[in-house]
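Colleague: Got a sequence here, can you model it:
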Amino acid sequence: MGVDNVAFLIENLGADAAELQYLRELVQNSFESIQRSGREPGGRVKIDFKEVNGVRKLRITDNGSGMTPEEVRQNINRLSASGGTQSFEKNFGIGAKITAATRNPAGVQYESWKDGEGSLTILGKAEGRYGRRGFVDPETGAVDYYILLSVDDKPEMIDRDGVSVVLLGQSPDDDTTAAPPGADLPSQWVSAYLERRYFSIPEGILLTVEDLRMINDAKRGERPSNDTIHGQRHNLDNNSDFSGCVVLSGVAARVWWWILKEETLKGGKNWNNRGHVAALYQNELYELRTKNVGRAALKDFGIYSGQSRIVIYAEPAGVMKANTARTALIMAGNVPVDYAEIGAAFADAMPAELAAFMAGQVKTDRGDHQKEIRKNLQELDAMLKETRYQKAETGKVREYVPEDGVSGDDPPAPGGGGYRPNGSGDASGLIDTEFLRRAREEKGRRLAADPTDKDQMPTVVWNDDPQAVQEGRAASYVPNVHVVTVSTAFRFYRDVLAWAETEGRQRAPAGMDETAVQAICEDEVKRWYAQALIEAIVSLRPMAHEGHWGLKVYDTGLSDEGLTAAVMSQRWHMMKAIRQGLGMSLGSPRD
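Modeller: Below is the predicted model:
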């Protein structure tokens, strides 16, 4: 079977690959070349740069088996060829060519040494085709597809055999050492990708990234970004309080776990120093899930608290291969990894250290929802364009009061025609209309208060004392200190809490501590209960500065009865939000 348009095939395969996958493919080729040569220990892979006509180009060099010009030709010109065995378990032989060539149409330069003899070959794209780029002899017009290298061209780390791959980029003036858009840690983007990609570096091989960028270090000043890549296991082992590996014979898998030290979470590092989940296969990490997705994935493994400090790697047996993009694993039978099954088995065999850690984290992880509630209220303000008011610069809310003491809120006299103080009648017709217009504007100005964006959230106090809030009321608000006291003895609160605990028990992992379940449920109820009360206070309090409400808002909308009505009217929305929160913390209801 042939291919009419190889370039079309290559570019479509390349489009499926992750943006930085070429780094993995080229480094993996170097690992396998060293392993074939039998040079470990003593194997070296170095990533640095080479200047080509004054432009920095990313370079990956190894002291592996090397290639002759003919071996380079065979590997480049045959799409599915490499120096190793072709199989699902090995490096497919197409990864480096596809991922590197499609992102470097100006050329992928191979400087290869075999038995002390060096040659240079460029794989690139010309006239819509991929292949070896020719070198034209200016005297004879003959075309050579490789040129010979002298001993002076050989990198120091290569003795007699090895390969140096130089990425020429999109064009001759493309600096391929620069971080691509969106890359993590731009000053250490190569190190960050490799540290997070590999579980561990093959024994006997040293992988370094040297001199690509300068780093501004607060303690050591500006310095080159020289890094030795160890892989996630080394970093996790050295920065965790507890760790282990559980063999799950029932589901044919191993699960590696770590509880990171609290100080480890501070700052960004070139390795993954936050809680996450990944699949482990042949010393590489696949299907990495971090942040919110990672927290949800941790629930599959019975992790209900302290997710920011817990790392889980599932290593399933029976993996058939990785997909072409090297992002996911495919199990025998062409099915994905069943994380729910592996996670359930791990939860049943939960290590004691993890169980104790989670129980201790329930209280410290939860309880302060001010930031979340503030964010929710800011979103409401943005959508509804609500205006809040504060006192004017004079220290008083500007309010217009007529000379005779009758406010604008007084009702008109019976019989219509408006209110006529002192029986003097309406004098509007005696005054110039423009004068009256300006007078109305001035009255409006004096009635207006100053809008403000200052934080108007009250302090919330939870009180178990039934005397703190009048019986049968949800809460009591004290405006002069801006504090709302919530009664945990109020029947509606107790009913919602009891419902939430029933809901939580149906979701909690088997064997989870009952006290921890209750703490999570109580926290979710308080979170949304407080949201309802705070929203009512923040929305109604500014009306104390409006003529139609005034200070009576505190006796009506913000009274104990008003707040009770506000919180009870939110039942459906509150219970829906609590159910969603329990789902995030404890997972879906169990059968």
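
Colleague: okay, CA-based contacts and neighbour counts for the rest of this
Modeller: Fine.

Colleague: In the stretch 351-500 of the chain, where is pLDDT below threshold?
Modeller: 361-370, 377, 379-455, 466-468, 481 (pLDDT under 70).

Colleague: If we use 90, what do you get?
Modeller: Residues of the stretch 351-500 of the chain that meet the criterion pLDDT under 90 lie in 355-471, 476-485.

Colleague: cool, the stretch 201-350 of the chain as well?
Modeller: In the stretch 201-350 of the chain, residues with pLDDT under 90: 211-226, 249-250, 266-269, 291-308, 318, 320-328, 332-334, 340, 344, 347-348.

Colleague: Residue 200 touches residue 233, doesn't it?
Modeller: Yes: look at residue 200 against residue 233 with CA atoms under 8 Å: they come within range, at 5.9 Å.

Colleague: Would you mind stating the distance between residue 515 and residue 505?
Modeller: 11 Å (CA to CA, to the nearest Å).

Colleague: now swap in residue 539 and tell me
Modeller: Residue 539 is 35 Å from residue 505, by CA to CA.

Colleague: With residue 186 instead?
Modeller: Residue 186 is 45 Å from residue 505, by CA to CA.

Colleague: Likewise for residue 554?
Modeller: Where residue 505 is concerned, residue 554 sits at a distance of 40 Å (CA to CA).

Colleague: tell me which residues in the lengthiest helix in the chain are buried?
Modeller: Criterion DSSP state H: the longest helix present in the chain is helix 514-540. Using 16 or more other CA atoms under 10 Å as the test for burial, helix 514-540 gives 516-540.

Colleague: all helices of the stretch 1-150 of the chain, in order?
Modeller: 6-16, 21-37, 69-77, 95-103 (DSSP state H, counting those that start in this stretch).

Colleague: Do I have it right that residue 567 meets residue 531?
Modeller: No: between residue 567 and residue 531 there is no contact under CA under 8 Å: 9.1 Å.

Colleague: isn't residue 286 right next to residue 323, touching?
Modeller: No: taking contacts as CA under 8 Å, residue 286 lies outside contact range of residue 323: 10.1 Å.

Colleague: The two: which has the busier surroundings?
Modeller: residue 286 (22 against 12; other CA atoms under 10 Å).

Colleague: Could you tell me which residues make contact with the closest residue to that one other than its chain neighbours?
Modeller: Excluding the flanking residues, the one nearest residue 286 by CA to CA, 6 or more residues apart in numbering is residue 279, at 5.0 Å. When contacts are counted by CA atoms under 8 Å, 6 or more residues apart in numbering, residue 279 touches 285, 286, 287, 288, 313, 314, 315, 316, 329.

Colleague: Enumerate the beta-bridge partners assigned to residue 279.
Modeller: residue 286, residue 314 (DSSP bridges).

Colleague: re the thing from before, list the contacts of the helix or strand following the longest helix of the chain.
Modeller: Downstream of helix 514-540, the first helix or strand assigned by DSSP states H and E is helix 560-568. Helix 560-568 is contacted from outside by 470, 473-477, 492, 529, 532-533, 536, 556-557, using CA under 8 Å, 6+ apart.

Colleague: buried set for stretch 565-581?
Modeller: Buried-residue list, stretch 565-581, by 16+ other CA under 10 Å: 566, 567, 568, 574, 575, 577, 578, 579, 581.

Colleague: quick check, nearest of those to residue 238?
Modeller: Nearest to residue 238 among the buried residues of stretch 565-581 is residue 581, at 33.6 Å by CA to CA.

Colleague: List buried residues within the contacts of residue 279.
Modeller: Counted by 16+ other CA under 10 Å, the contacts of residue 279 give 285, 286, 288, 313, 314, 315, 316, 329 as buried.

Colleague: Those: which two are farthest apart?
Modeller: 288 and 316 (14.7 Å).

Colleague: just to revisit the earlier point, CSV please, covering the contacts of helix 560-568 and showing distance to residue 350.
Modeller: As requested, the contacts of helix 560-568 are exported to CSV (distance: CA to CA, whole Å):
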residue, distance to residue 350
470, 46
473, 44
474, 41
475, 41
476, 44
477, 45
492, 37
529, 33
532, 37
533, 39
536, 43
556, 53
557, 50
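
Colleague: Just the closest of the residues you listed to residue 159, please.
Modeller: residue 529 (71.1 Å).

Colleague: Neighbours of the spatially closest residue to residue 303 that is not a sequence neighbour, how many?
Modeller: Of all residues not flanking residue 303 in the chain, residue 358 sits nearest, at 7.5 Å (CA to CA, 6+ apart). Residue 358: 21 surrounding residues under other CA under 10 Å.
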